[in-house]
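In: Requesting a structural model of the entry that follows:
(one chain, ligands or ions: 1)
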Amino acid sequence: MDFKLTEEQEMIKKSAREFAETVIAPKVAAMEETDEMPEEILKGLGEYGFLGLTIPTEYGGNGLGHVARMIVLEEIGRVSAAVAMTLQVLALGIEPIVQFGTEEQKNKYLPGLAKGELFSTVAVTEASGGSDPTAAQTRAHKEGDEWVINGRKVFITNAHLADVATVFARTADEPKPSFSCFLLEKGMEGFRPGRKEHKVGFKGCDTGDLIMENCRVPESQMLGKEGDGLKIALKAISEVGRPGMTGCALGILAASLEAAVKFANERILYGKPISKLQAIQFKIANMYTDLEAARLLAWRAAALKDRGERCDVEMAMAKVFSSEAAVRAANAAVEIHGGYGCMMEYPTQRYLRDASLLAPSAGTSDIMRIVIARAALG
Ligand SMILES: Cc1cc2nc3c(=O)[nH]c(=O)nc-3n(C[C@H](O)[C@H](O)[C@H](O)COP(=O)(O)OP(=O)(O)OC[C@H]3O[C@@H](n4cnc5c(N)ncnc54)[C@H](O)[C@@H]3O)c2cc1C
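Out: Numbering: from 1, shown residues only. Here you go, the predicted structure:
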């Protein structure tokens, strides 16, 4: 077993750190203020090649894969979890097209998605409950050669940004509910973004509704076959959405640890830095161990995905562990900062707010434990 990064992975790590520190870091305060994603960041994600990591080279990507993606998300999430979240859902939007798209669909969308000329998302969740996608009420029915889609998706990342969305809809009720996925494009008649959410964290990352009102699309916009919807959505969420949240969690863990170490070494109490106090050291030891453990779970799961092996349980373990560890680490960083931890000019409050959004996105911790328990219990 080799835990050493390849030369290519080291290079992408270096360029992700450079991008995060030079392009993203100066804009974080404005993103917190405006809740908008700066154009320059979106453009840079394409220019640095971060959008093409999971797109094969024949469709314009660099195909560096899922371990590389995990490394990039950690580096970007260390500076801004909101940018990492935006980037992670762009890859989530890409995955169903890579896995299930026809040649025509791949050629139409993937080169633009790799360059950042197009942006994407996946829209499954509805007000009827994200944990149970089979309760979805968005319906598509056939009229002549066209599908007519009606419904409303909620909590969709990149809802206003996305040029193309994989939308999950009910296409039959009998003999049992059956679902299909459709590629809907910004500007199609009857398809539009709705309200924008005001979240406690991930400020700058767009989350909102997508609304379909008699949206008519030809058969060529169906992704996969009729009835494949649940398989397509679950595969994308479990193999790309969940590890994406793990990447964001790693970033928050790393940032919380760094902030805590810096403050503990600088803050003088009783005539010495508080890092000399064993209670502080124990908190930092726990944060450091959590970061390393989360990273190993994440890299192993991503390596399985890169090898084309089954990885849903490993992804669920990495997601539940890393998202809960990020909350613990952010909370510990706030505590180590004493009163300063509650002040807006210190980033620790942002880490804690951002960490609180990790668990629900792409499946809650309860759902992860159901996946893991099912595997453990055979
Ligand atoms: C920031 C953010 C971004 C998101 N981006 C997207 C996106 O891009 N695309 C998209 O489709 N969705 C997106 N979502 C939606 C997300 O996937 C859902 O919020 C999530 O699946 C949970 O669904 P819910 O919010 O309806 O909660 P519910 O499903 O209503 O769950 C409520 C509670 O019940 C618990 N629960 C549910 N079922 C069980 C069970 N069987 N056993 C035990 N407990 C259970 C849950 O763990 C939770 O605590 C996003 C959410 C957030 C917060």
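
In: Can you pull the phi and psi angles for Glu146?
Out: Dihedral angles of Glu146 (phi, psi; degrees, to the nearest 10) stand at phi -110, psi 160.

In: what's the neighbour count on the closest residue to the ligand within the chain?
Out: Of all residues in the chain, Gly130 sits closest to the ligand, at 2.3 Å by CB to the nearest ligand atom. The C-beta positions use only the backbone N, C-alpha and C, and glycine is treated the same way. Gly130: 20 surrounding residues under other CB atoms under 10 Å.

In: ok, now Glu226?
Out: The burial count for Glu226: 16, using other CB under 10 Å.

In: One more: Lys272?
Out: Neighbour tally, Lys272, other CB under 10 Å: 10.

In: The longest helix anywhere in the chain: which residues count as buried?
Out: Secondary structure of the chain per DSSP state H: the longest helix is helix 278-306. Applying a neighbour-count criterion of 16 or more other CB atoms under 10 Å, one finds 280, 283-284, 287, 290-291, 294-295, 297-306 buried in helix 278-306.

In: Near the ligand, which residues of this structure are found?
Out: Neighbours of the ligand within the chain, by CB under 6 Å from any ligand atom: 89, 121-125, 129-131, 155-157, 202, 207, 357, 360-364, 366-367, 370.

In: and those residues, which are buried?
Out: Applying 16+ other CB under 10 Å to the residues of the chain next to the ligand flags 89, 121-125, 130, 155-157, 202, 207, 357, 360-364, 367 as buried.

In: Out of those residues, list just those in strands.
Out: Among these, the residues falling in strands (DSSP state E) are 121-123, 155-157, 207.

In: Among those residues, which pair sits farthest apart?
Out: Val122 and Thr207 (13.1 Å; CB to CB).

In: Now for those two: what residues contact both?
Out: With contacts defined as CB atoms under 8 Å, 6 or more residues apart in numbering, no residue is shared by Val122 and Thr207.

In: Which parts of the stretch 101-250 of the chain are strands?
Out: 120-123, 139-143, 146-157, 164-172, 178-185, 191-196, 207-218, 222-223 (DSSP state E, counting those that start in this stretch).

In: most distant residue from the middle of this protein?
Out: Relative to the centre of the chain, the most outlying C-alpha is that of Gly271, 44.0 Å out, by CA atoms, centre = their mean.

In: show me what contacts Pro218?
Out: So Pro218 contacts 145-147 (CB under 8 Å, 6+ apart).

In: at 10 Å instead, please
Out: 144-147 (CB atoms under 10 Å, 6 or more residues apart in numbering).

In: Show me what it is bridged to.
Out: Judged by DSSP bridges, the bridge partners of Pro218 are Glu146.

In: What's the separation between it and Arg307?
Out: 36 Å (CB to CB, to the nearest Å).

In: Point out the other helices and strands that the helix or strand hosting Ile372 packs with.
Out: Taking DSSP states H and E as the definition, one finds Ile372 inside helix 365-376. The contact analysis (3 or more CB pairs under 10 Å, 6 or more residues apart in numbering; DSSP states H and E) places helix 365-376 against helix 242-266, helix 312-336.

In: Let me know the angle separating the first one from strand 146-157.
Out: Same thing as helix 242-266. Angle of helix 242-266 versus strand 146-157, following axes from the mean of the first three to the mean of the last three CA atoms, to 10 degrees, is 10 degrees.

In: sorry, back to before: just the buried positions in the helix holding Ile372, please.
Out: 365, 367-368, 371-372.

In: Any buried residues in stretch 104-111, and which?
Out: 105-106, 108-111.

In: okay, the residues you listed in CSV with pLDDT next?
Out: Shown next, in CSV, are the buried residues of stretch 104-111 (pLDDT from 0 to 100):
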residue, pLDDT
Gln105, 98
Lys106, 98
Lys108, 98
Tyr109, 98
Leu110, 98
Pro111, 98
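
In: Local confidence estimate at Gly77?
Out: Gly77 carries a pLDDT value of 98.

In: measure it to Lys14 for me?
Out: Gly77 is 16 Å from Lys14, by CB to CB.

In: Who has more neighbours out of those two?
Out: With neighbours defined as other CB under 10 Å, Gly77 and Lys14 compare such that Gly77 has more, 32 against 12.

In: Setting the sequence-adjacent residues aside, check what's closest to that one.
Out: Gly251 (1.8 Å; CB to CB, 6 or more residues apart in numbering).

In: Enumerate every residue touching that neighbour.
Out: 20, 72-81, 83-85, 322, 326, 351, 354.

In: got it, and Ala359?
Out: Counted by CB under 10 Å, 6+ apart, Ala359 has contacts 245, 249, 319-320, 323-324, 326-327, 365-368.

In: could those residues go into a markdown table alongside distance to Leu257 and pLDDT?
Out: A markdown table is the format used below for those (distance: CB to CB, whole Å; pLDDT from 0 to 100):
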| residue | distance to Leu257 | pLDDT |
| --- | --- | --- |
| Met245 | 19 | 98 |
| Ala249 | 12 | 98 |
| Lys319 | 19 | 98 |
| Val320 | 20 | 98 |
| Ser323 | 16 | 98 |
| Glu324 | 15 | 98 |
| Ala326 | 10 | 98 |
| Val327 | 14 | 98 |
| Ser365 | 22 | 98 |
| Asp366 | 27 | 98 |
| Ile367 | 27 | 98 |
| Met368 | 23 | 98 |
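
In: and Arg17, how many neighbours does it have?
Out: Arg17 - counted by other CB under 10 Å - has 17 other residues nearby.

In: pretty sure it is touching Val23, no?
Out: No. Using CB atoms under 10 Å as the test, Arg17 is too far from Val23 to be in contact (11.1 Å).

In: any residues in contact with both of these two?
Out: With CB under 10 Å, 6+ apart, Arg17 and Val23 have common neighbours 76, 79.
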